[in-house]
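S.K.: no sequence on hand, only this structure:
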Ligand SMILES: [Zn+2]
């Protein structure tokens, strides 16, 4: 390059004052086993710059690598990635503010699909994964930190995304006129896609937790269904809240009945109605959550760490 002419010699050092090649630096951070379309993943690197967020995005992909390795086809190329909180429309009415405890998600766009990977707060893959083949995208929208992806009759709402990344992603998503579609669930063990919510994987036989069981448990006591599905922190908060309400109810009911007889029960009536509302509401919420993805009975998504369940370790060695 130095021999090609004076202009290049002058331009290059000015754009890369640190002396490092940004492309090389970012490539070193990316997971080696995943093919990435570099210009789309790091649009600012073209100008010789690396933003802090670019490094974070590379790191995000590295954490998702154990899932990507298994879920992607051999020739599939990753175009972009970002992370945020997944929202189901009517969760907003009830537990919207508690969502970040349960719904952190890494979104990966490839040349074939949008992949959603449920993660913990440190972006490590956790319970389940979903996909949307690109030809099923009906419309996309969003402002600021929000992304909406409509497919068939469903709409995915994704929020808490870095604004620059939300903008870049929306620019990369094409809409089609199709009215057919919907998100697909991926088996968390073999990553076979299905349109339904089966109780076991048709391909590898992995068994999944039942939405019905989860719903019934939350109806009996709020939080129990979430605990069964694996959302422990979220469940703990719900169990504490519901226990306090039940304690308040009983501490109102008992003295009222003692002093006024059966008429006293009316005093605690509104509290009982509130409790019933919360039990039923949580049951419906748990049902929606259970149907959001396939929750394995025996293990979580592979994270590449030692804590991975033996089941997934075996799948590993078989696929390599
Ligand atoms: Zn499977």
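M.R.: That came through fine. Model, not experiment: these values are computed from the prediction.
S.K.: what parts of the stretch 51-200 of the chain come near the ion?
M.R.: Taking Cβ under 5 Å from the ion as the contact definition, the stretch 51-200 of the chain meets the ion at 187, 189, 190, 192. Every residue, glycine included, has its C-beta placed from N, CA and C.
S.K.: who wins for neighbours among those?
M.R.: Greatest neighbour count in those, by other Cβ atoms under 10 Å, goes to residue 189: 25 neighbours.
S.K.: touching, that one and residue 299? I think so.
M.R.: Yes: counting by Cβ atoms under 8 Å, residue 189 does reach residue 299; the two are 7.5 Å apart.
S.K.: any idea of the pLDDT on the nearest residue to residue 141 once chain neighbours are set aside?
M.R.: Residue nearest to residue 141 in three dimensions, not counting chain neighbours: residue 148, with 4.5 Å by Cβ to Cβ, 6 or more residues apart in numbering. Here, the pLDDT recorded for residue 148 equals 92.
S.K.: phi first, then psi, for residue 51.
M.R.: For residue 51, the backbone dihedrals (degrees, to the nearest 10) come out as phi -90, psi 160.
S.K.: show me what contacts it?
M.R.: Shown in contact with residue 51 (Cβ atoms under 8 Å, 6 or more residues apart in numbering): residue 44.
S.K.: report the separation between it and the ion.
M.R.: Separation of residue 51 from the ion (Cβ to the ion, to the nearest Å) stands at 38 Å.
S.K.: for that residue, give its distance to residue 257.
M.R.: 65 Å (Cβ to Cβ, to the nearest Å).
S.K.: could you do residue 81 as well?
M.R.: Taking Cβ to Cβ, one finds residue 81 at 59 Å from residue 257.
S.K.: about what we covered before: max pairwise distance over the residues of the stretch 51-200 of the chain next to the ion: which two?
M.R.: 189 and 192 (8.8 Å; Cβ to Cβ).
S.K.: give me the common contacts of these two.
M.R.: With Cβ under 8 Å, 6+ apart, residue 189 and residue 192 have common neighbours 201, 204.
S.K.: at which residues are the strands of this structure located?
M.R.: 78-87, 104-110, 113-119, 125-133, 139-141, 147-151, 154-159, 184-186, 193-194 (DSSP state E).
S.K.: average pLDDT across the longest one?
M.R.: In other words, strand 78-87. For strand 78-87, the mean pLDDT works out to 92.
S.K.: just want the angle from that strand to strand 147-151.
M.R.: Between strand 78-87 and strand 147-151, the angle comes out at 90 degrees (axes from the mean of the first three to the mean of the last three Cα atoms, to 10 degrees).
S.K.: please apply the same query to the third one.
M.R.: Computed by the same axes, to 10 degrees, the angle separating strand 113-119 from strand 147-151 equals 120 degrees.
S.K.: any buried residues in the biggest helix by length in the chain, and which?
M.R.: Criterion DSSP state H: the longest helix present in the chain is helix 232-260. Residues of helix 232-260 classed as buried: 234, 235, 237, 238, 239, 242, 249, 252, 253, 256, 257 (neighbour count, 16 or more other Cβ atoms under 10 Å).
S.K.: chain center to it: distance?
M.R.: 33 Å (Cα atoms, centre = their mean, to the nearest Å).
S.K.: with stretch 107-118 instead?
M.R.: With Cα atoms, centre = their mean, you get 11 Å for stretch 107-118.
S.K.: how long is it from one end to the other?
M.R.: 9 Å (Cα to Cα, to the nearest Å).
S.K.: show me where the stretch 201-320 of the chain has its helices.
M.R.: 211-220, 224-229, 232-260, 269-290, 310-319 (DSSP state H, counting those that start in this stretch).
S.K.: need the ones you listed in a markdown table with mean pLDDT and distance to residue 177, can you?
M.R.: Shown next, in a markdown table, are those (pLDDT from 0 to 100; distance: least, Cβ to Cβ, whole Å):
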| stretch | mean pLDDT | distance to residue 177 |
| --- | --- | --- |
| helix 211-220 | 97 | 32 |
| helix 224-229 | 95 | 36 |
| helix 232-260 | 91 | 38 |
| helix 269-290 | 91 | 28 |
| helix 310-319 | 42 | 37 |
